[in-house]
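Colleague: Got a sequence here, can you model it:
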Amino acid sequence: MKTKHLLFVAFAFIAVNVSAQTKKKKTVVVAPTPVASTQIPRPKLVVGIVVDQMRWDYLYRFYERYQSNGFKRLLNEGFSCENTQVNYIPTFTGPGHTCIYTGSVPSIHGIAGNDYIIQATGKSMYCTEDNSVQTVGSTSIAGQMSPRNLLVTTVTDELKLATNFRSKVIGIALKDRGGILPAGHTANAAYWFDDKSGNWITSTYYMKELPQWAKDFNDQKLPETYLKLDWTSLYPVETYLQSTPDDSKYEGKFKGTDAPTLPVKTSALYKQSGLGLIRSTPYGNTLTIDMAVAAINGEQLGQGDQTDFLAMSLSSPDYIGHQFGINAVEIEDTYLRLDRDIANFLNFLDAKVGKGNYTVFLTADHGAAHNTAFLNDHDIPAGVWDEASVLKDMNKMLMDKYKTDSLVLSLNNYQVNFNYRIVNYLHIDQDELKKECIKYLQKQPEIEYAVDMAKVASSSIPEPLRERIINGYNAKNSGAIQIILDPAWFTGHGSGDGGPTGTTHGTWNPYDNHIPLVFMGWGIQHGSAVREVHMTDIAPTIAALLHIQAPNGCIGVPIPEVLKK
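Modeller: Sure thing, here's the model as predicted:
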């Protein structure tokens, strides 16, 4: 990629002003009486980086080809929590970003999935949906979003409260939910990408008009600039030894192409598919970091008297992972490019805020599974669960018994969501209804457990699963029965072509719930720990670092090894 197109590189060299020294007088200088500091020791800026769909082992799977100042710098200068677990299910983007910044779980914070069903009405709700607000920065409806569905505070909210709202908080991600939920209720702004216009947009929840720096950034038309470069591999494809051969049957191809291989002629494809194509390329990460640099400069984050907070999510690895699967050349290339982007971003922070003056943490909202066909070809049990057929057959079974159709609305989030409007109208016994469904589900060969949410505490299931089910169950927004599939079984695939390509996530298994967590910078020890910590521990650790209250729904605890004494 041409470096002149990378905004953050342009800012990486900032002159340092040096004050002139005054001449010493030939007089005896009496040391002043020490005065207690009135400033609470805090970094100038906290930067949270969430890499969407980053498995923990990606820190090491491509380690040999990482640069010294990207992922390796985070590991070699920072503190890595090597056994960080997501302690709820389902493991999706909305709940993940929410948990990281609230220290809470869906049972409490209310974000029960990317989409979930409000049990009282049967209405499907997108996690950041808000029709009371309007788009700012585009004519599309993609800006009708806000954090209003979030029931608790975030650590970013608590920072604003602790400083009487003098701190600035900005959220940035291609995905609306990746920018909105981490930034919290009181953020100065959250920005996300609009496929229709190619602009970074926000909503009237935050402001009536984009700030001038954001308008100027959009005017550069960087999505087109990047897509015109095409997606070529950083290194010769045959040297990507951690990946399956390119043109693998496990990968999903771009619409309008003959094979799922590099290079991808994005310069031609985007003219048919639109600028949203950038989401599914590594340039989506670069564009997001460009926007973060523009926000830091435009809002002068880290330059004031109070600590500021930038919550940034890198969404492209999730799109690429869903399409190509975790063993593809495209994934390896994505992380090698992301390593360079992170290195440039850290260099920018060193120059702009000052090395040692900021704290950064990097984590993920969830991981991802191996492609099931790939596992089968290597004699490992795996499969794709036909959710639609199970839903159809279960409703037919209930029709035979209760003489009414569509008693189950969906199996979304691996949960049985009942149509309570009909259930209540017909006075159907809900306990009996759940028993019938559980009996049916337990006969399905790929289902390990089907658990009544109201009775999960007494269910005969392993304790780690019981805890995750309880933590993930929100009575208002979750289904009444939790379905646990056999390991390496899941619903759907990523390509959208109908074939067994790509991958997904959402389960309790280590490939989905074991995430990276690395802290670096102001107030952070160097080292690592292999004891189990949880995603819920991230927010209280940052709160302890900043000497502020933990979020009001937090159930996590600080990780003491991370913090300097």
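Colleague: Looking at the closest residue to L545 other than its chain neighbours now. What's its pLDDT?
Modeller: Sequence neighbours aside, G523 is the residue nearest to L545 in space, at 5.1 Å (criterion: C-beta to C-beta, 6 or more residues apart in numbering). Any C-beta I mention is one placed from the backbone N, CA and C, and that applies to glycine too. pLDDT for G523: 98.
Colleague: now S495
Modeller: pLDDT, S495: 45.
Colleague: Contacts for stretch 370-381, please.
Modeller: The contact list for stretch 370-381 (C-beta atoms under 8 Å, 6 or more residues apart in numbering) reads 244, 249-250, 325-327, 382-384, 486-490, 493, 500-503, 511.
Colleague: Tell me the gap between it and the middle of its chain.
Modeller: 26 Å (C-alpha atoms, centre = their mean, to the nearest Å).
Colleague: Looks like Y414 contacts T504 (just checking).
Modeller: No: at 11.5 Å, Y414 and T504 do not qualify as touching, with contact defined as C-beta atoms under 8 Å.
Colleague: shared neighbours, the two?
Modeller: T491.
Colleague: C-alpha coordinates for the host helix or strand of P182, PDB please?
Modeller: If you go by DSSP states H and E, P182 is part of helix 176-183. These are the backbone C-alpha positions of helix 176-183, laid out as PDB (Å, rounded to 0.1, in the frame of the first residue of the first chain):
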ATOM      1  CA  ASP A 176     -22.500   0.600  14.500                       C
ATOM      2  CA  ARG A 177     -22.700  -1.700  17.500                       C
ATOM      3  CA  GLY A 178     -18.900  -1.800  17.700                       C
ATOM      4  CA  GLY A 179     -18.700   1.900  18.100                       C
ATOM      5  CA  ILE A 180     -21.900   2.700  20.000                       C
ATOM      6  CA  LEU A 181     -22.000   0.100  22.800                       C
ATOM      7  CA  PRO A 182     -18.300   0.600  24.100                       C
ATOM      8  CA  ALA A 183     -18.700   4.400  24.000                       C
END
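Colleague: Can you tell me the strand partners of the helix or strand just after that helix and which way each runs?
Modeller: Later in the chain than helix 176-183, the nearest helix or strand by DSSP H and E is strand 189-193. Using DSSP bridges, the strands paired with strand 189-193 in its sheet are strand 169-173 (parallel), strand 200-203 (antiparallel).
Colleague: from those, which stretch is densest packed?
Modeller: Stretch with highest mean neighbour count among the strands paired with strand 189-193: strand 169-173 (a mean of 28; mean count of other C-beta atoms under 10 Å).
Colleague: now the angle from that strand to helix 176-183?
Modeller: Strand 169-173 and helix 176-183 are oriented at 160 degrees to each other (axes from the mean of the first three to the mean of the last three C-alpha atoms, to 10 degrees).
Colleague: Could you number the chain from 36 rather than 1 from now on?
Modeller: That works, and once the first residue is 36, the last one we named lands at strand 204-208.
Colleague: and strand 204-208, how far out from the chain's middle?
Modeller: 12 Å.
Colleague: now it: mean pLDDT?
Modeller: Averaging pLDDT along strand 204-208 yields 99.
Colleague: And for it, what's in contact with it?
Modeller: Identification of contacts with strand 204-208 by C-beta under 8 Å, 6+ apart yields 85, 191, 194-195, 213-219, 221-228, 235, 323, 326-327, 330, 334, 336, 343-350.
Colleague: Which stretches in the stretch 186-335 of the chain count as helices?
Modeller: Here the stretch 186-335 of the chain has its helices, by DSSP state H, counting those that start in this stretch, at 190-197, 211-218, 247-254, 257-262, 301-308, 318-334.
Colleague: Dump those to JSON lines, plus mean neighbour count, mean pLDDT and distance to I463.
Modeller: What follows is these, written out as JSON lines (neighbours: other C-beta atoms under 10 Å; pLDDT from 0 to 100; distance: least, C-beta to C-beta, whole Å):
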{"stretch": "helix 190-197", "mean neighbour count": "24", "mean pLDDT": "98", "distance to I463": "42"}
{"stretch": "helix 211-218", "mean neighbour count": "31", "mean pLDDT": "98", "distance to I463": "35"}
{"stretch": "helix 247-254", "mean neighbour count": "16", "mean pLDDT": "98", "distance to I463": "52"}
{"stretch": "helix 257-262", "mean neighbour count": "21", "mean pLDDT": "98", "distance to I463": "51"}
{"stretch": "helix 301-308", "mean neighbour count": "16", "mean pLDDT": "97", "distance to I463": "46"}
{"stretch": "helix 318-334", "mean neighbour count": "24", "mean pLDDT": "98", "distance to I463": "47"}
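Colleague: which one of the ones you listed lies closest to K470?
Modeller: For K470, the closest of the helices of the stretch 186-335 of the chain is helix 211-218, at 35.4 Å, according to C-beta to C-beta.
Colleague: quick check: angle from the closest one to helix 318-334?
Modeller: Per the same axes, to 10 degrees, the angle that helix 211-218 makes with helix 318-334 is 40 degrees.
Colleague: how big is the angle separating the helix holding P217 from helix 190-197?
Modeller: Here helix 211-218 points in a direction 40 degrees away from that of helix 190-197 (the same axes, to 10 degrees).
Colleague: Test my guess that Y285 contacts V364.
Modeller: No: the criterion here is C-beta under 8 Å, and Y285 misses it with V364 at 11.4 Å.
Colleague: which residues are in contact with both of these two?
Modeller: T279.
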